[in-house]
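A.B. asks: Structure of the sequence below:
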Amino acid sequence: MNNKYDLIYEGKAKKVFTHNDSDKVIIEFKDDATAFNALKKAKFEGKGKLNCLISAKIFELLIKKNIPTHFIKLKNENTMIAKKIKIIPLEIVLRNNAYGSLCKQTTLKSGTILAKPLIDIYLKNDELNDPLLTKDRIELMKIISSKDLDLIIDLTLKINVILKSFFKNIKLQLVDFKLEFGYDFKKNIILGDEISPDNCRLWDLNQENDKIVSLDKDRFRNDLGGLIEAYTEINRRINNFI
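C.D. replies: Numbering: from 1, shown residues only. Modelled structure (predicted):
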């Protein structure tokens, strides 16, 4: 990255830099992988590039479907230019199937197809280990108004319909995913962060048996190996379809 850009923020998977236009930022995707609130860490060469390219394609798809996002364009293969937003400190998780933490916290069996999508909302706070919130707690902490929260939930459900259909077309099952939203300079709520195998749980539908084959970060979380190969396969399918 050129030194004329100042680092604004560095997270687990991305760095955010200033842009010549104060309403824009430059987002560089890192090769770092983290799990369990960064208790588990590793580096995978090429991961940042793959997540950037996949996110760009999916943002472009969502923009065509009238979903407001921060994405503007790619700068290069692992860097994008985006609208500068003030991130709302909430992680919105939509679940189409029961898996992972939901099964540990409820009596639902792993893989159960949910009668309707479940939205779980977590506080984006590493020190508190991203706790699960209720609407009343969100209101109590004055994080966001009820009206804006309803808008985020509505957008998340619309995004799920678009992504479920899109991934099904490339033989992937969208089990669950995490979204982050923010306010642009006009105080509009728009989708931020990334949409990639890092924050989507994607199962390969090309299997002839009922075996679950993850093509997402679970390959790292669960020591399955083949993370780069899985991300490369998703990128290949997207490019072949779009």
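A.B. asks: Run through who's touching the longest strand along the chain.
C.D. replies: Identified as the longest strand of the chain according to DSSP state E is strand 113-123. The contact list for strand 113-123 (Cβ atoms under 8 Å, 6 or more residues apart in numbering) reads 89-98, 102, 130-133, 138, 141, 143, 153, 156-157, 160. Heads up, the C-betas are built off the backbone N, CA and C, glycines and all.
A.B. asks: mind redoing it with 6 Å?
C.D. replies: Contacts with strand 113-123, where a contact means Cβ atoms under 6 Å, 6 or more residues apart in numbering, come from 90-97, 130-133, 153, 160.
A.B. asks: Report the buried members of those residues.
C.D. replies: The neighbour-count test (16 or more other Cβ atoms under 10 Å) applied to the contacts of strand 113-123 identifies 90-97, 130, 133, 160 as buried.
A.B. asks: Kindly reformat these as a markdown table containing distance to Gly48, pLDDT and secondary structure.
C.D. replies: Converted to a markdown table, the buried ones among the contacts of strand 113-123 look like this (distance: Cβ to Cβ, whole Å; pLDDT from 0 to 100; DSSP: H, G, I helix; E, B strand; the rest coil):
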| residue | distance to Gly48 | pLDDT | secondary structure |
| --- | --- | --- | --- |
| Leu90 | 25 | 98 | strand |
| Glu91 | 21 | 98 | strand |
| Ile92 | 23 | 98 | strand |
| Val93 | 23 | 98 | strand |
| Leu94 | 25 | 98 | strand |
| Arg95 | 27 | 98 | strand |
| Asn96 | 27 | 98 | strand |
| Asn97 | 28 | 97 | strand |
| Asp130 | 23 | 93 | coil |
| Leu133 | 30 | 97 | coil |
| Asn160 | 26 | 98 | helix |
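A.B. asks: before we move on, the earlier item: list the buried ones in the next helix or strand after the longest strand of the chain?
C.D. replies: Downstream of strand 113-123, the first helix or strand assigned by DSSP states H and E is helix 135-140. Neighbour counts over helix 135-140 (16+ other Cβ under 10 Å) mark Ile138 as buried.
A.B. asks: do the same with stretch 99-116
C.D. replies: 99-100, 102, 108.
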